[in-house]
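> Sequence and predicted structure below; questions after.
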Amino acid sequence: MIARSAPPTEKPRVLRVLIVDACIEDVRRVRELLHRSGDFVTHAARTIEEALALLRDGSFDVALIDSALWSDPSAVLVQYLREHRNDVAVVLLTSGENEREALPAIKLGAHDFFNKAHLEDGQQLVLRIVGAFEENRNLRRRDTMVRWLEREARTDHLTGLHNRHAFDERLQEVCEKARADRRPVTLVLVDIAGTRTVNEVHGHDVGDDMIRRTAAGISRCIRGSDFAARIGGDDFGVILSDGDLALGRLIARRIAHELERLNGDEWADQVPVTVTFGMATGVSCDPGELFAAADQQLADHKSVRPVLSLFRGREEPNGPSVA
């Protein structure tokens, strides 16, 4: 009979542990217990300053911290770990006989606690550390997934811009802030002309490509604080918080100039993109009223000349002037 070798077992990950405790004897005992298991690399700090320096410069999975340093939500170490190093799991080293005393500290963000009176039980300490590490990793994975899902729910997948749902939410927020601060907000609507004909003659793939290219052109021309979204099939909205009508016209002619340049340059061998603009501005305005005003201007422009020449005129430093 041929003996079969056992399948290789995965070597457990070596965890990097930072011990923060002013008591040298307690630090020594903890390090001995962890080194004995062979699955930990430890560093020690006797003061908060030393701990902060190690956390800023080093990589750690778990921090074992004397609970006396974790009792005040405004404490420097507590704030730093919560705000800058949420990748580090926290296990508190307590001294009291009543374990309920550790509950307030747990509420500040610690993942578990271990009583120093039981340091002779090295296996239990190891289990607490590993458990805290796993819990923190799972929480971070869940938070990442939640953020990803939220972003996906607000993203238009054809263009990469925000979608109509995100647009409506942001317009509501910006209008409320503008009303409170007595500052203007401007809405610029952009409509691609002729997409229906393009879809019928060339196919929807070509029409989709026009939409993607227009989105890319818009993204190149807006400020970092502006909010661009695809709000319909071939319609886009740009929200300019703290921006007046003059800024709206400037952004619109930048977009028009950029799309026209791309039509004759990078997109020369493709169906040209032609757009029409509508815009409105206000201070104490309702989001619906602002959108309706911009949409009406967009409709008026489309009925007259739905072409880029609406924003073509003499050259200025910022691009073509508004006609």
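Looks like it arrived, so ask away. Numbering: from 1, shown residues only.
> Tell me if I am right that residue 44 is in a helix.
No. In this structure, residue 44 is strand, not part of a helix, as judged by DSSP: H, G, I helix; E, B strand; the rest coil.
> And it, how close does it get to residue 205?
62 Å (Cβ to Cβ, to the nearest Å). To be clear about C-beta, it is placed using only N, CA and C from the backbone, and glycine gets the same treatment.
> Show me which of those two is the more surrounded one.
Here residue 44 and residue 205 are compared on neighbour count by other Cβ atoms under 10 Å; more neighbours surround residue 44, at 18 against 8.
> my guess is that one meets residue 31, correct?
Yes. At 6.8 Å, residue 44 and residue 31 qualify as touching, with contact defined as Cβ atoms under 8 Å.
> Just the helices from the stretch 51-200 of the chain, written as ranges.
76-84, 103-107, 122-153, 164-181, 195-202 (DSSP state H, counting those that start in this stretch).
> Out of these, flag the one nearest residue 26.
Between residue 26 and the helices of the stretch 51-200 of the chain, the shortest gap by Cβ to Cβ is with helix 122-153, which sits at 11.8 Å.
> which parts of that closest one are buried?
122, 125, 126, 128, 129, 130, 132, 133, 136 (16 or more other Cβ atoms under 10 Å).
> Centre of the chain to it, how far?
19 Å (Cα atoms, centre = their mean, to the nearest Å).
> quick one: contacts for residue 29?
Residue 29 is in contact with residue 119, counting by Cβ atoms under 8 Å, 6 or more residues apart in numbering.
> Can I get the helix or strand that contains it in PDB, CA atoms only?
Following DSSP states H and E, one finds residue 29 within helix 24-37. Coordinates of each C-alpha in helix 24-37 appear next as PDB, following Å, rounded to 0.1, in the frame of the first residue of the first chain:
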ATOM      1  CA  ILE A  24       7.500  47.000  32.400                       C
ATOM      2  CA  GLU A  25       6.700  43.700  34.100                       C
ATOM      3  CA  ASP A  26       3.300  43.400  32.500                       C
ATOM      4  CA  VAL A  27       4.900  44.200  29.100                       C
ATOM      5  CA  ARG A  28       7.500  41.500  29.600                       C
ATOM      6  CA  ARG A  29       5.000  38.900  30.600                       C
ATOM      7  CA  VAL A  30       2.800  39.600  27.600                       C
ATOM      8  CA  ARG A  31       5.700  39.500  25.200                       C
ATOM      9  CA  GLU A  32       6.900  36.200  26.600                       C
ATOM     10  CA  LEU A  33       3.500  34.600  26.200                       C
ATOM     11  CA  LEU A  34       3.100  35.800  22.600                       C
ATOM     12  CA  HIS A  35       6.700  34.900  21.600                       C
ATOM     13  CA  ARG A  36       6.100  31.400  23.000                       C
ATOM     14  CA  SER A  37       3.400  30.800  20.400                       C
END
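> the inter-axis angle of it versus helix 122-153?
80 degrees (axes from the mean of the first three to the mean of the last three Cα atoms, to 10 degrees).
> mind listing what's buried in helix 24-37?
26, 27, 29, 30, 31, 33, 34.
> Pick out the most distant pair among those residues.
Largest separation among the buried residues of helix 24-37 by Cβ to Cβ: 26 and 34, giving 12.6 Å.
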